[in-house]
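K.L.:
Pasting the sequence and the predicted model now:
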Amino acid sequence: MLNISGISEGFVLDHIKAGMSMSIYKDLKLDRLDCQVAIIKNARSNKMGKKDMIKVECPIDMLDLDILGFIDHNITVNVIKSDRIVEKKKLHLPKQVVNVIRCKNPRCITSTEQELDQIFILTDTEKEVYRCKYCEEQQKKKRRKS
């Protein structure tokens, strides 16, 4: 039996699709934080069959919930304080994402003015479609493989 110790203050990302924890680790730039991180891959789950989890011992404000919601809004964020879960945050698709995806339109102003932020606005919640703020180029949210 694998035993990963609990954390006293931080957060646990739960219900991550099996095999996706390393890409989430990179997308959230957790490697740049000076804190403990535990990645659990292919854990048994009654709800999902198999799942990944990420435990991070640092304040929750270090986590960008918009990026995480864009990556997979089905992930549960458990906030830990004094060794207890004090809050469970449900994620949602953010209305806007900044510098998460890049516009692929070569005529977009972001192609020539590279210091501009890459801003995408959610235009279709059901189909998870985002559009560039500047040129309205459509970007479908990539489905993560399970």
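P.N.:
Arrived safely.
K.L.:
then the helix or strand containing residue 66 to PDB, C-alphas only?
P.N.:
When elements are assigned from DSSP states H and E, residue 66 belongs to helix 65-71. Output in PDB follows, covering the C-alpha atoms of helix 65-71 (Å, rounded to 0.1, in the frame of the first residue of the first chain):
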ATOM      1  CA  LEU A  65      -7.800  28.700 -11.000                       C
ATOM      2  CA  ASP A  66      -8.600  30.200 -14.500                       C
ATOM      3  CA  ILE A  67      -5.900  28.200 -16.100                       C
ATOM      4  CA  LEU A  68      -6.900  25.100 -14.200                       C
ATOM      5  CA  GLY A  69     -10.600  25.700 -15.200                       C
ATOM      6  CA  PHE A  70      -9.500  26.000 -18.800                       C
ATOM      7  CA  ILE A  71      -7.500  22.800 -18.700                       C
END
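K.L.:
can you confirm residue 135 is in a strand?
P.N.:
No - read with DSSP: H, G, I helix; E, B strand; the rest coil, residue 135 is coil and lies in no strand.
K.L.:
How about the secondary structure of the residue located most distally from the centre of the chain?
P.N.:
The C-alpha centroid of the chain is most remote from residue 107, which lies 29.1 Å away (C-alpha atoms, centre = their mean). Assigned by three-state DSSP, the conformation of residue 107 is coil.
K.L.:
Which residue, neighbours along the chain excluded, lies closest to it?
P.N.:
Leaving aside its chain neighbours, residue 107 sits nearest to residue 135 (6.8 Å; criterion: C-beta to C-beta, 6 or more residues apart in numbering). In this view, the C-beta of every residue, glycine as well, is placed from N, C-alpha and C.
K.L.:
quick one: residue 105 and residue 133 touch, right?
P.N.:
No - using C-beta atoms under 8 Å, residue 105 makes no contact with residue 133, being 11.9 Å away.
K.L.:
So for the two, which sits in the more crowded spot?
P.N.:
Between residue 105 and residue 133, counting by other C-beta atoms under 10 Å, residue 133 is the more crowded of the two (19 against 16).
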